[in-house]
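1. Coordinates only, no sequence provided:
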């Protein structure tokens, strides 16, 4: 039996990443909202709305466990023309309808938080405005939202292709977001250092964290040992299977063999 690995299992790592995503700043608490109703296409369109439902709506559910959320997906052909929208039912006041057509998921989330984010959201907006930080983390899964109005993905000024050419569940970063000073400084520092990738290579990582080198070598050795053991087991199994098979007698090899084969049973 191979020794027990000291590294974290894959399930725990996935759970940790999920909790980091759900607890990411800012917390998406909604105040005075009774129900959310989202209507969108299940495919062929509404890429920003679908990205919002996939990445941002779970964070809203996590921060508001008592909130009713209804998502209605409909089949839509490329020739059909109807818009995605979200209805926000307030506890005190008439419901409000948000247009989700041709909008980035970060824009949809910002409009929803502007309606029901309350004082914590206002303080977060003021803090970001004073420090120059983005409203939402700038990650590939959630394009950064700028404090200034951003153009839609189908805007002619956008240097990238329209959302219809991107994958169904992922969107490129919002090209119209206004770069903040700290992002410009970070980009200038990276260019000065000659960094070509945001992720370090394995050698760079091990050089920066020497304590991980021994663990990495141990994992590699265990992997090689497991492969060798599997190869040996397959070899032994093949040899055992070959011994169980008795080859048929060959005709014409010796007179005695031919006479015994032709003799009738007693």
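-> Looks like it arrived, so ask away. Bear in mind that the values here come from a model prediction, so they are computed numbers and not experimental data.

2. Run through the strands of this protein in chain order.
-> Read by DSSP state E, the chain holds these strands, from start to end of the chain: 33-41, 68-74, 85-90, 96-99.

3. Between strand 85-90 and the longest one, find me the angle.
-> Same thing as strand 33-41. Our comparison of strand 33-41 with strand 85-90, counting by axes from the mean of the first three to the mean of the last three CA atoms, to 10 degrees, yields an angle of 170 degrees.

4. about what we covered before: tabulate the strands of the chain in CSV, adding columns for distance to residue 106 and mean pLDDT.
-> In short, each C-beta sits where N, CA and C put it, glycine included. As requested, the strands of the chain are arranged in CSV below (distance: least, CB to CB, whole Å; pLDDT from 0 to 100):
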stretch, distance to residue 106, mean pLDDT
strand 33-41, 16, 90
strand 68-74, 19, 89
strand 85-90, 15, 92
strand 96-99, 14, 90
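
5. who wins for proximity to residue 124 among those strands?
-> strand 33-41 (17.4 Å; CB to CB).

6. in the closest one, what's buried?
-> 33, 36, 37, 38, 39, 40, 41 (16 or more other CB atoms under 10 Å).

7. can you list the weak-confidence ranges in the stretch 101-250 of the chain?
-> 137-200, 243-250 (pLDDT under 70).

8. Kindly recompute the last result at 80.
-> Per-residue confidence of the stretch 101-250 of the chain (counting by pLDDT under 80) places the weak regions at 137-213, 216, 242-250.

9. In a markdown table: the strands of the chain, plus distance to residue 134.
-> Rendered in a markdown table, the data for these read as follows (distance: least, CB to CB, whole Å):
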| stretch | distance to residue 134 |
| --- | --- |
| strand 33-41 | 24 |
| strand 68-74 | 25 |
| strand 85-90 | 22 |
| strand 96-99 | 21 |
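
10. and residue 239, which of those is closest to it?
-> Distances from residue 239 to each of the strands of the chain were compared using CB to CB; the minimum, 56.2 Å, belongs to strand 68-74.

11. What helices and strands are in contact with that closest one?
-> In this structure, strand 68-74 packs against strand 33-41, helix 57-63, with contacts taken as 3 or more CB pairs under 8 Å, 6 or more residues apart in numbering; DSSP states H and E.

12. Same list, these, but as a markdown table with distance to residue 233 please.
-> Rendered in a markdown table, the data for the helices and strands packed on strand 68-74 read as follows (distance: least, CB to CB, whole Å):
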| stretch | distance to residue 233 |
| --- | --- |
| strand 33-41 | 51 |
| helix 57-63 | 43 |
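
13. Out of the ones you listed, which is closest to residue 223?
-> Smallest distance to residue 223 across the helices and strands packed on strand 68-74 (CB to CB): 34.2 Å, for helix 57-63.

14. what comes up buried for the closest one?
-> Along helix 57-63, these residues count as buried under the neighbour rule (16+ other CB under 10 Å): 57, 59, 60, 62.
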